[in-house]
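Visitor: With the input below, show me the fold.
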Amino acid sequence: MVHGYAASQGFFFKNFDFLANCFKVIAIDQLGWGGSSRPDFTCKSTEETEAWFIDSFEEWIKATNLSNFILLGHSFGGYVAAKYALKVIAFNCLNATMGDAGFSSGSEEKYESVNRFRETWKGLILRRLWESNFIPQNIIRGLGPWGPDLVRKYTGASASEWKVPSTFIYGTEDWMDYQGAQAACKQMKVPSEVIRVPKAGHFVFLENRDGFHSAVLYACRRFLSSHPHNEPFPEGLISA
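Guide: Take a look at the predicted model:
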C-alpha cells in the first residue's frame, strides 16, 4: 500500500484489519513523509523527480525480495505505482490505484513551471518547510476549493506500454477525473478496468471503506477466486 502526497501509511488505518483477512498487508511511508527519512531533494527536472521516488521504491522492493504482490496506491502513490507498473516485467503484479494522479489533465510545461518555482524565494521557503517535516497537505487544505485545481494542473501520464493488469478505483465525488483512467484503459494491452465507489471523494478508502473494500476484493478476484470470470460485480459499485 502506497500513500498519497504529504500523507503516510497511517491514512489506511480503517482498512488494515479488513484487508489482513485476505492478504499479507505491507504499507510503506514514501521518502520525506511519515516515518521515512528526509533526504536532500536536489532534483531539477520532472524525470529526476520521478526517479527520486520510483527508484527508491524499486530498491525497497528488491531489498525485501518481493516478487508476487498486489500494488495498491492512492493519488500520488497511484502515480508512483503507475510509473513502476511501466517498468515491471517479471513480477506477477496487479496494480490497483485510487484517485490516481497519473491520469488527470496536465502537461510537461506545467511540470517545468513547478521546477522554475522551486528556484524562487517562495520555492526556497517551501523547501525549508519540507526539510523541517512540515506537511504540505496543510497548504492544499487551506486553499479550500482552489486546492484540488492547483494539484490537478500538474498531473499527466501515458499507459500505452502498461505491463501489468490494473484496476482504477475512484469515488464518485473524487475531484480527480476518472475519465482519464478510462482513456488510459483503451490504450492498454493488458486487462484493465475502472470502478467507481458511491458516497466517496478522493479519500475513498476513508469515506466509504465498505465500498472500497468491495472494489479491492473484486479487483483482486483473479488471486482470490478459483473462477474469477464468474465473480459477480459488487452491488452498489459502478463499472466505468
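Visitor: Just want the most central residue of this structure.
Guide: With distances taken as Cα atoms, centre = their mean, the residue of the chain nearest its centroid is residue 78 (1.5 Å).
Visitor: Give me the spatial nearest neighbour of residue 27, chain neighbours excluded.
Guide: Nearest non-adjacent residue to residue 27, counting by Cβ to Cβ, 6 or more residues apart in numbering: residue 9, 3.7 Å away. No exception for glycine: its C-beta is placed from N, CA and C like everyone else's.
Visitor: need the contact list for the one you found.
Guide: Going by Cβ atoms under 8 Å, 6 or more residues apart in numbering, residue 9 touches 1, 3, 27-29, 34.
Visitor: among those, who's most crowded?
Guide: The most crowded member of those, judged by other Cβ atoms under 10 Å, is residue 3 (24 neighbours).
Visitor: I'd assumed residue 79 was in contact with that one.
Guide: No - if you go by Cβ atoms under 8 Å, residue 3 and residue 79 don't touch, sitting 11.7 Å apart.
Visitor: Between those two, which contacts overlap?
Guide: With Cβ under 8 Å, 6+ apart, residue 3 and residue 79 have common neighbours residue 73.
Visitor: before we move on, the earlier item: could I get the contacts of residue 9 in JSON lines, plus columns for secondary structure?
Guide: Shown next, in JSON lines, are the contacts of residue 9 (DSSP: H, G, I helix; E, B strand; the rest coil):
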{"residue": "1", "secondary structure": "coil"}
{"residue": "3", "secondary structure": "coil"}
{"residue": "27", "secondary structure": "coil"}
{"residue": "28", "secondary structure": "strand"}
{"residue": "29", "secondary structure": "coil"}
{"residue": "34", "secondary structure": "coil"}
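Visitor: Out of those, which is nearest to residue 165?
Guide: Closest approach between the contacts of residue 9 and residue 165, by Cβ to Cβ: residue 1, at 17.8 Å.
Visitor: Skipping adjacent residues, who's closest to that closest one in space?
Guide: Nearest non-adjacent residue to residue 1 (Cβ to Cβ, 6+ apart): residue 27, at 4.1 Å.
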